[in-house]
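**Student:** could you work out the structure for the sequence below:
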Amino acid sequence: MNYRFFWPNRFIAAAIFWLALLPLSAQTLTPLPDSIPHPDSLSEQDLSVWTVRLLRQAEQLETHFSRDEQTSTASRDMAEHIWKTAKQDTLTTKETLDSLADNLKTAKNAEKTASKQQKRASEAVAFAEKMANMNAIYQRRNLRKLWKQVKELDAILHPPPLEKPIAAVIGAEGVAAPNDTLTPSSPNAGVQPSDSADVAATAADKRKNKKPEKATPKYKPYDPAADVMLNPPQRPCALAVSTRDEFSGETYRETQREEAFRFTNEVLKKILPAGQPHIICEAALSVGGTNIGLHLSFHIRDANARKAFGGLARNSVAILKFIDGTTFTVNNLRNDDGTPDPSGQGFNYRAQYILDPGILKKLRKDELDKIRVAWNTGYEDYDVQNVDVLMRQAKCLFD
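**Tutor:** As a prediction, this is how the structure comes out:
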């Protein structure tokens, strides 16, 4: 038997067989739009609709790339099997082995590419599922990120059309060859070489007397990544205290206090002047040795605050709720019955809560959503407006 023709023919037949198994799901996927509305302009219902739409698209893409990965793996197995079998045959020529080795290398590269695309699609699906279970604040913050991931995967299946060369747009007639000769129909047909200098001089005079065109202003294309409204710059790290104990050698550091939230209940909104909240809470983190503390300072604009709130007792608790729904309970290390402010129209309270490493790990990567504070007269829940305040302070202390 002549193997010089048998192996290439069998490889071609196998390649045709596996190509016939390629999935057609890319033809059924609907391409995504070139852009999405700004998340701040969408209602909560629209945010949910867009999140679910991107989730479904990501799931379809994952299915397609999973099939591609299976097909490429099968093609690589077949190419490898054919190459190994041909290598064992002493009658196989070097040219055939080299050709089969090139086919195997191409199949391996295709399998590697398909595996990477499937992994990216799976990550996009996991991120979209996480978003679908979060509240509107989280969805609004991450909608563009999810759309970008899905759009990049979708572009693999629906690449943008290539721009046509300028010669194809204006036609062959509009492109002059460098040494084109004049034809009888050209404007300068019949001009003798002696007259060509006059023609050139006349053209030069016209260009010289022509008024210069006004330079049009050039605008830099919009880059969402450089938009400080979408990606605000990091605030500088600011420490209020940074000392070292001479006896133990331990250092104590505490960040500057930053406003975490302000709160006014519906009843007091009708009484207090506009722009004057009932409660302002500032937060700070500290670290000394292995002890990590959360400091909350409350300013209550109420001359009867002691009657309404009492104070913050030692061992009273506060519950921290993060944006993904996770909660942690922390204990207060100090008692504070409130200190009147200089104006005599309010009171100031301070609490210091101890944080364990698990809470620190959480607040370093997730935003804070709500705080429940236990006062002597009962507890109150507060929505945190500055959701990344503890995240930034933790990076300031530990990064």
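
**Student:** in stretch 105-113, what counts as buried?
**Tutor:** 107, 110, 111 (16 or more other C-beta atoms under 10 Å). Glycine gets a C-beta too; all of them are placed from N, C-alpha and C.

**Student:** err, stretch 293-306, not the other one
**Tutor:** For stretch 293-306, a neighbour-count test (16+ other C-beta under 10 Å) marks 293, 294, 295, 296, 297, 298, 299, 300, 301, 302, 305, 306 as buried.

**Student:** one more: stretch 235-243?
**Tutor:** Buried, per 16+ other C-beta under 10 Å, within stretch 235-243: nothing.

**Student:** which other residues reach it?
**Tutor:** 251, 252, 253, 254, 255, 256, 257, 284, 286, 392, 395, 396 (C-beta atoms under 8 Å, 6 or more residues apart in numbering).

**Student:** give me the contacts around the one helix or strand the second one maps to.
**Tutor:** So that's residue 252. Using DSSP states H and E, residue 252 sits in strand 251-255. Residues from elsewhere that reach strand 251-255 (C-beta under 8 Å, 6+ apart): 237-245, 284-288, 295, 393, 396-397.

**Student:** residue 152 should be in a helix, yeah?
**Tutor:** Yes: the assignment for residue 152 (DSSP: H, G, I helix; E, B strand; the rest coil) places it in a helix.

**Student:** which ones are touching the closest residue to it other than its chain neighbours?
**Tutor:** Leaving aside its chain neighbours, residue 152 sits nearest to residue 120 (7.8 Å; criterion: C-beta to C-beta, 6 or more residues apart in numbering). Neighbouring residues of residue 120 by C-beta under 8 Å, 6+ apart: 65, 149, 152, 153.

**Student:** ok so the first one is a helix residue?
**Tutor:** Which is residue 65. Yes: with three-state DSSP as the criterion, residue 65 is part of a helix.

**Student:** so it makes contact with residue 121?
**Tutor:** Yes: at 4.7 Å, residue 65 and residue 121 qualify as touching, with contact defined as C-beta atoms under 8 Å.

**Student:** show me the buried residues of stretch 105-113 that map onto helices.
**Tutor:** Judged by DSSP state H, helices contain the following of the buried residues of stretch 105-113: 107, 110, 111.

**Student:** hang on, the earlier thing: now the strand holding residue 252, how far from the chain's geometric center?
**Tutor:** The chain centroid and the centroid of strand 251-255 are separated by 33 Å under C-alpha atoms, centre = their mean, to the nearest Å.
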